Structure formats: structure tokens, C-alpha cells
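[1] All I have is the shape, not the residue letters:
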């Protein structure tokens, strides 16, 4: 009971720091109970807070400990709000905010910093975030830097670019954290130009700010500019970290620049950066999507720790490189390892089934997604199933599947059918699929181009001219293609 004796001598020391298991926590709890210390609200609050912060997996134990307490401290309640805001059930944090109000205590800047974080993740009711913002103004905490950054991030999650800019412009002297948050927010919402203006005006820029801008370029579809900025950062002598290299690898993946990707891998090894789950997954993804499946496999099996995204990336890599059967084998290996699949996993393995023509296997996986794992299929899963039937030549089943979908068929599903129709020279279905794509994506050139190509493939030149006339009359312009030349140190 060294932890208990330490706490009694030094009340400010967290008594859960030295605990490693729930059993040890319960031992301390029982000693506090036997010695009558649980009558002290401050001590109970400190104990509950230390459990929540040091052992978030046992947060429910903290809740049970605090529930009987008449006057838990704001610090303890803030601790619970903080842990829930970072977890899978952020909506639970509002219960403890309510407890603060009901105990006639005043919430502080830490309360709202984490409550706003919860709002950013609970997007079912957007009015919730607006209500919390109003309460922040009521308590006069709108000038706290952490609260300001949280609000910017929250409105970015909501997609309110105007509100994000208004918030930032109202801040008199935004610090580095707030400016970086703003760069991330604007990049996420597609205003990469404004994000770069903010970045260039920053008098001090740490690696987090540089990473934010590089990632912004990659996510906004300008990976080449992201790479250029990375090389500029490196020349300026900043210490590159794993986050920097994840963005670089993501840029290489989008550009398909294998040589630059190989250089990035060697750079990671040269700088002796730790290849954790995130960085390792990025390496696997880059190699797989650039067609270097052997290297992707080598990196994958060399990783000491893997999560569901790592497995899904490897499964998807095998699928896009034509190894459908190996893709299914790796999926089964993942289940054997006790890793629970997610929506991305099923997209990857269904693509593998399409490649290998494993129709029955794919159907079973699609069914298991709903029945065994309780997941609602998304648009991409329906598209994979159409592809599965279509590439196997079962065009009528593919069409019936589209018409039986519980949601409105999307352009991806019709596009999958069109691809199969062209493969098997089915003129009627190809025309139907391409016309459906035009109906759904009337403002995009791709749908018209596909329809035009269908007519051209079957020598229907009058119909080709008709499609081109429709494009002109509706002012749909064909987007020119682009090419990439690899450049790196």
C-alpha cells in the first residue's frame, strides 16, 4: 500500500499513478473506505480524477466512485469531461457538465475546452455546439486561447468556413496554437489559399505548423505543393517527425511517385524515426498503391504493432494489385489475430473478391458485414458488389442488385456496371448505365465522356455528336488531364 501512504503524506500526488491494474485501484479504494477517507469530497474527487486521467479504460469506475459524492470538485468533473471528449462516446461528457451546474459551481476554461471538443465529435445535433459557444460567451471565456482553438476546430468540423474566419478575425493576438488550428481548419474546408496566407504571415512556425500546411495541400488535392513545402521545411533545418513523413508518403501515394516514396522510406530510416502504426500504415499504403506489393508486404510483416487500418491497407493493397485470393486469406488471418474489421476492411476485401471472381465468397462477406458485425453498408460497399457481379459476367444480377439497393443507386454503382458492360460488349446495359450516370452527375464532364465513349465503342457516331452537343448546351467543359514529373533531393 505504498501508493496510499504516499498520498497521505503528499495529498497533491495522484494516488492512481503507481497502479497498473484495476485490481490495484480497488485495493486502494477499499483502504480509503476502511480508513474513513471517503467522507472527504476533495479526496474522493482527486482519486476519481486520477483514475480517469491515468487509466481512461476504467473511466466507468471513476463515475461509480463520484456518483455518491455530494460535492465533487470541478477538477474531477472536468477530468471526466476530458476523457469522454477523447473517447468513442463524447456525448457522455455533457452529463458531467450538468453536474457542475447542478452543484452550483462555475465551469472554467478547461470545462469548455473539452466540452467543445465533444461537440466537434457529436455532429448529430449541430445546435449543441452553438449552445456551448453561447455559454462560453456568457461566462466570458471566449478570449481563452484553448477555447478559441477549440471553437475554430468545432466550426470546421461543422463545415462553417465563414464562422471559422469570423472567430479568427475577432482574436486580437492569436498565438501559435490558434494560428496552426486555423491553418488546419481552412485547409480542411478547402480554402487552401487562405490557409497559406495565414501560414506565410506566421512569425514563428514550429514543425506542427509546417505539418499542418503540408497535410492541407495533400488533402486538398495539391500533393506536389505539399512535397515542395516539405523540402523547404527540411532545408530550413526544422526537425522532421513521423507526422511530416506520413504527409510526404500520402503525397507520394496520390501522385503515384514510387521513386520519391522509396526516397522517403530511406529518409525515415536515415533519421531513425520510429515506424509506429500510423507511419507504418502510410508506408504500406504508399508501396501498395504504387504497385510495389512485395515491399508493401515486407513493411507490413515487419511492423511490431498493427491496427485495423494497417490490416485493411494491406488487404486493399493486395486487391488493387490483382491478388484477390491472397486478399481474402489475409482478411481471414486478421480475424484469427483477433482484429475486428471495419467499413474500410470490407471495402478492401470485397474488391479482392471482385478481382478474383469470388462471387459466392463476396456475397457471404457482404452478408456477414450486416449480420455478424452490425454495419450498415455504405455506397462504396454497394459499388463493390455491383463490380463483383459485373466483372464475373453476371450482368443481370448486377442490375438486379442495383435496383434492390435500399438507398438510391449512386454514380459509382452505375459506373461499375458500365465497366462490366464494356468488358462483355453489352450495348443496351452500357447505354442504360451511362445515361443513369449523366442523370446523377449532369454537371460533371466524366459522365458525358463515358456516355460518348460507349457510343464510340459501338460506332454510334451520331449519338456521339449528340452527347457533345448536350455538353455544349449545358456548358459542361471537359477537364484536361495532368502529368507529374518526379523531383526530390
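    Looks like it came in fine. Quick caveat: nothing in here was measured; it's all calculated off a predicted structure. Numbers count the residues shown, from 1 in each chain.

[2] which residues does the nearest residue to residue 422 once chain neighbours are set aside contact?
    Spatially, and ignoring its direct neighbours in sequence, residue 422 is nearest to residue 430 (5.8 Å; CB to CB, 6 or more residues apart in numbering). For glycine as for every other residue, the C-beta is placed from the backbone atoms N, C-alpha and C. Residues in contact with residue 430 (CB atoms under 8 Å, 6 or more residues apart in numbering) are 418, 421-422, 454, 457-458.

[3] Top of those by number of neighbours, please.
    Of all these, the most densely surrounded is residue 418 (28 neighbours; neighbours counted as other CB atoms under 10 Å).

[4] Is it correct that it is in contact with residue 437?
    Yes: contact criterion CB atoms under 8 Å: residue 418 and residue 437 qualify, at 7.0 Å.

[5] Report the mean confidence score over stretch 220-233.
    Mean pLDDT, stretch 220-233: 95.

[6] Tell me which two of the contacts of residue 430 sit farthest apart.
    Greatest spatial distance in the contacts of residue 430: 418 and 458, 12.8 Å, computed using CB to CB.

[7] quick revisit: in which helix or strand does the residue nearest to residue 422 reside?
    helix 427-440 (DSSP states H and E).

[8] Tell me the gap between that helix and the middle of its chain.
    33 Å (CA atoms, centre = their mean, to the nearest Å).

[9] What residues sit buried inside that helix?
    Within helix 427-440, the residues that count as buried by 16 or more other CB atoms under 10 Å are 429-438, 440.

[10] closest to residue 209 among those residues?
    Distances from residue 209 to these, taken by CB to CB, are shortest for residue 440, at 40.2 Å.

[11] So the closest one is in contact with residue 415, correct?
    No: between residue 440 and residue 415 there is no contact under CB under 8 Å: 9.7 Å.

[12] would TSV of the contacts of residue 430 with secondary structure be doable?
    As requested, those are arranged in TSV below (DSSP: H, G, I helix; E, B strand; the rest coil):
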residue	secondary structure
418	helix
421	helix
422	helix
454	helix
457	helix
458	coil
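
[13] ok, the buried residues of helix 427-440 vs residue 169, which is closest?
    Comparing the buried residues of helix 427-440 against residue 169 with CB to CB places residue 440 closest, at 38.7 Å.

[14] distance of that closest one from residue 403?
    Using CB to CB, to the nearest Å, one obtains 15 Å as the distance from residue 440 to residue 403.

[15] contacting residues for residue 66?
    Counting by CB under 8 Å, 6+ apart, residue 66 makes contact with 44-45, 48, 72, 76-77, 80.

[16] If we use 10 Å, what do you get?
    Counting by CB atoms under 10 Å, 6 or more residues apart in numbering, residue 66 makes contact with 41, 44-45, 47-49, 51-52, 72-73, 76-77, 79-80, 96, 99.

[17] try residue 429
    When contacts are counted by CB under 10 Å, 6+ apart, residue 429 touches 390, 395-396, 398-399, 417-418, 420-422.

[18] Find me the pLDDT at it, would you?
    pLDDT, residue 429: 88.

[19] and if you look at residue 471?
    60.

[20] again with residue 16
    Residue 16 carries a pLDDT score of 58 in this model.

[21] try residue 465
    70.

[22] for the stretch 351-489 of the chain, what are the low-confidence residue spans?
    Across the stretch 351-489 of the chain, the ranges flagged by pLDDT under 70 are 441-448, 450-451, 458, 463-464, 467, 469-489.

[23] If we use 90, what do you get?
    407, 410-412, 415, 418-419, 421-489 (pLDDT under 90).

[24] Format the buried residues of helix 427-440 as CSV; extra columns: distance to residue 265.
    Below are those laid out as CSV (distance: CB to CB, whole Å):
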residue, distance to residue 265
429, 44
430, 42
431, 46
432, 46
433, 41
434, 41
435, 46
436, 43
437, 39
438, 43
440, 40
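
[25] just those residues now: which is nearest residue 203?
    Closest approach to residue 203 among the buried residues of helix 427-440 (CB to CB): residue 440, at 48.1 Å.

[26] which of the contacts of residue 430 lies closest to residue 136?
    Using CB to CB, the contacts of residue 430 come closest to residue 136 at residue 418, 51.1 Å.

[27] Give me the nearest residue to that closest one, chain neighbours excluded.
    Per CB to CB, 6+ apart, closest to residue 418 is residue 433, 3.9 Å.

[28] residue contacts, that neighbour?
    386, 390, 395, 398-399, 402, 409, 411, 413-422, 426, 450-451, 454.
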